[in-house]
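Undergrad: Quick one: sequence plus predicted model below, questions after.
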Amino acid sequence: MNYSFFMGIDVSKLSLDIALKDVSGQLISSYVIENSLHSLNQFLVEVQSAVPLNETLFCLEPTGHYSNVAVGALVEQKCATWLASPVDIQRSIGMTRGKNDKVDAIRIAEYAFRYSDKARLVTLNSIELIRIRELLAQREAFVADKAKYLSQIKDFKGRISDSAFESIEQANKMVAEALIDAIAIIEGQIEQLIRSSEALQRQHDLLTTIPGVGKVLAQTFIAATSGFERFNNPRAFACHAGIAPFQYTSGTSIQGRNRVSHRANKRLKSLLHMAALCCIRVKGPLREYYQRKVAEGKSKMSVLNAIRNKIVHCIFAVINRNSPYQNLEVS
């Protein structure tokens, strides 16, 4: 779609800094409003007399729950809304000096103006996926906290007096049990959101037919791929997850081994690693593949990474075929 106006929104906890550019890329005006549903709705009513909302591309960075109000209000008003990658915006700018919210809003508006053809618009379905991502992040935080409190029990055991240890053990177990209950609540909310969408439920059911893919990995895949709309092939997703090996050579002076990039979704990479470990512990083609390659002299980590890639290919295969997993032939 061709847009006539481009609105960059820099989101902070309390305010929204907004910059408006026209089709020629000239800055028309800047605004600062409260980061609230009422203020944003009022702003949209006031600005639409001069700027047609249906001809405007709204662009902002995902800032967790601070941007939820703005995204929800814009989508509700049927505004073209783009949650752009902060990394992409920064790279498009190049080297900069100084930083403030007004300047950031202008830079976001400039990015929307220059790259509007690449915009992936937020939909009502996207909002549900954003909620799933946030719940998964909260679940991860609770799981990490639970592990921390349980490990403290082991760490203190035998190193402090029995009376002190008993008190610490009791307190830490109480916190861990509370966290287990909280995790169950979060997981229930995630499952409810997935069940509310027939397409997401179908994807979840297909993914969990793959050996090694449990509900958390399936949910994380669905959220990370925006319901498999953000990525359309396994290689691109493998790059995103940091498991795709790349060459590191230059002329005759640099002849490095193939290795994965450190720019990765570390959570996805970790979950895929656990899935790969699960696959090599039970009978099946991936365990046989692992044993054969290790026997041939391949490093265990490189073989595990190959298995992570095979799992990713299986995931995209069942989604693209819209049919459950079938036995994998590996070579």
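TA: Structure received.
Undergrad: Run through the helices of the stretch 1-150 of the chain in chain order.
TA: Secondary structure of the stretch 1-150 of the chain by DSSP state H, counting those that start in this stretch: the helices cover 37-47, 68-76, 86-93, 101-114, 124-156.
Undergrad: go on, the stretch 151-300 of the chain?
TA: Counting by DSSP H, counting those that start in this stretch, the stretch 151-300 of the chain has helices at residues 162-195, 198-207, 215-224, 234-241, 266-280, 285-295, 300-321.
Undergrad: okay, the ones you listed in a markdown table with distance to E55 next?
TA: C-beta here means a position set from N, CA and C on the backbone, and glycine is covered the same way. Below are these laid out as a markdown table (distance: least, CB to CB, whole Å):
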| stretch | distance to E55 |
| --- | --- |
| helix 162-195 | 33 |
| helix 198-207 | 30 |
| helix 215-224 | 31 |
| helix 234-241 | 32 |
| helix 266-280 | 37 |
| helix 285-295 | 52 |
| helix 300-321 | 35 |
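Undergrad: Nearest to I89, out of the ones you listed?
TA: helix 234-241 (17.5 Å; CB to CB).
Undergrad: mean confidence for that closest one?
TA: Averaged over helix 234-241, pLDDT sits at 90.
Undergrad: Any idea which of the helices of the stretch 151-300 of the chain gets closest to Y115?
TA: Using CB to CB as the measure, helix 234-241 is the one of the helices of the stretch 151-300 of the chain that comes nearest Y115, at 18.2 Å.
Undergrad: follow-up on the earlier one: what's the most buried one of the helices of the stretch 1-150 of the chain?
TA: Among the helices of the stretch 1-150 of the chain, helix 101-114 has the highest mean neighbour count (mean count of other CB atoms under 10 Å), at a mean of 21.
Undergrad: excluding its backbone neighbours, what's nearest the residue sitting nearest the centre point of the chain?
TA: Ranked by distance to the mean C-alpha position of the chain (CA atoms, centre = their mean), the top residue is A224 at 4.4 Å. Nearest non-adjacent residue to A224, counting by CB to CB, 6 or more residues apart in numbering: L268, 6.0 Å away.
Undergrad: can I assume the one you found is in contact with T220?
TA: Yes - in this structure, L268 is within contact of T220 by CB atoms under 8 Å, at 6.2 Å.
Undergrad: how about JSON lines for the helices of the stretch 1-150 of the chain, with distance to L27 and mean pLDDT added?
TA: As requested, the helices of the stretch 1-150 of the chain are exported to JSON lines (distance: least, CB to CB, whole Å; pLDDT from 0 to 100):
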{"stretch": "helix 37-47", "distance to L27": "15", "mean pLDDT": "93"}
{"stretch": "helix 68-76", "distance to L27": "20", "mean pLDDT": "91"}
{"stretch": "helix 86-93", "distance to L27": "15", "mean pLDDT": "86"}
{"stretch": "helix 101-114", "distance to L27": "6", "mean pLDDT": "94"}
{"stretch": "helix 124-156", "distance to L27": "28", "mean pLDDT": "92"}
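Undergrad: Same list (the ones you listed) but as JSON lines, adding distance to I315.
TA: JSON lines is the format used below for those (distance: least, CB to CB, whole Å):
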{"stretch": "helix 37-47", "distance to I315": "37"}
{"stretch": "helix 68-76", "distance to I315": "27"}
{"stretch": "helix 86-93", "distance to I315": "24"}
{"stretch": "helix 101-114", "distance to I315": "31"}
{"stretch": "helix 124-156", "distance to I315": "17"}
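Undergrad: For A238, see how far away V213 is.
TA: Note on V213: its distance to A238, by CB to CB, to the nearest Å, is 15 Å.
Undergrad: now do L304
TA: For L304, the distance to A238 - CB to CB - is 14 Å.
Undergrad: quick one, which of the two is more surrounded?
TA: Shown here are L304 and A238; by other CB atoms under 10 Å, A238 has more neighbours (24 against 20).
Undergrad: Burial check on the residue lying closest to the more buried one once chain neighbours are set aside, number of neighbours?
TA: In space, and not counting its chain neighbours, A238 is closest to A244: 3.9 Å by CB to CB, 6+ apart. For A244, the count of nearby residues is 20 (other CB under 10 Å).
Undergrad: Next one, pLDDT for A244 please.
TA: So, for A244, pLDDT stands at 82.
Undergrad: doesn't V312 make contact with it?
TA: No - the criterion here is CB under 8 Å, and A244 misses it with V312 at 9.0 Å.
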